[in-house]
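Undergrad: Here is my input; please provide its structure:
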Amino acid sequence: MNDLRNWLLECQKIAPELVDWIGIYFKASYLNDEDSTDLVLGPFIGEETEHTRIPIDRGMCGLALREEKIVNVADVRQEAEHIACSLTTRSELVIPLADESGALIAELDIDSNTLDAFSPEIEKKFIEFSKTFKHKK
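TA: As a prediction, this is how the structure comes out:
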C-alpha cells in the first residue's frame with residue numbers, strides 16, 4: 001500500500017491548500033473478497049477517522065460508488081446524507097476509481113475545511129489524476 005500512499009501524496013499536490021484529508025475507500029468485495037457491499041478505508045493522509053468501514057448505502061462515499069458518479073459537495077453541512085469524519089470538513093469530492101478492466105473497485109475521497117473548495121477546474125484536475133490509479137491485490 002506504500003505505492004498508493006505515494007499516489008495520494010502526488011494527488012494532494014494538485015491543490016494542497018484545499019486538501020485537508022485524502023484517502024481511498026475500497027469495495028470490501030474487491031479488497032477482502034468479502035460478500036459485502038461495504039467500503040473499507042485503505043491508505044489515507046490526514047487525521048484519524050472512525051469511519052474505516054462505510055455501508056455503500058450511506059454517505060457521499062456510498063453515493064459515488066452506488067450511482068457510479070463523481071460527487072462534489074460544496075457544503076457538506078447542507079447534505080443530510082453526509083457522514084462527518086471531521087467537524088471541520090466543509091466540502092467533499094469523491095471520485096470512483098477503476099481497475100485495469102474498467103470495473104469500479106474503489107474511490108478517492110477528498111475533504112476540505114474550505115467551503116465550496118472544489119471548483120470545476122480543480123475537480124477536473126483531480127479527475128485527470130485519478131486516471132493514473134493502479135492497484136494490484
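Undergrad: From now on I want contacts and neighbour counts done on CA atoms only, so please keep to that.
TA: Will do.
Undergrad: Double-check that L115 belongs to a helix.
TA: No: counting by DSSP: H, G, I helix; E, B strand; the rest coil, L115 is located in no helix; its state is coil.
Undergrad: What about it, how many residues nearby?
TA: Here the count is done by other Cα atoms under 10 Å, and L115 has 16 residues near it.
Undergrad: most remote residue from the protein's center?
TA: D35 (21.6 Å; Cα atoms, centre = their mean).
Undergrad: Please name the bridge partners of the residue nearest the centre of the chain.
TA: With distances taken as Cα atoms, centre = their mean, the residue of the chain nearest its centroid is D109 (1.6 Å). With DSSP bridges as the criterion, D109 is bridged to G23, V94.
Undergrad: ok now do it, which residues does it touch?
TA: Shown in contact with D109 (Cα atoms under 8 Å, 6 or more residues apart in numbering): 22-25, 61, 92-95.
Undergrad: Lowest pLDDT pick from those?
TA: Least confident by pLDDT among the contacts of D109: that is C61, with 88.
Undergrad: Give me the neighbour count for it.
TA: Residues contacting C61 under the criterion other Cα under 10 Å number 29.
Undergrad: Also the one 3 residues further on?
TA: Taking other Cα under 10 Å as the neighbour definition, A64 ends up with a count of 22.
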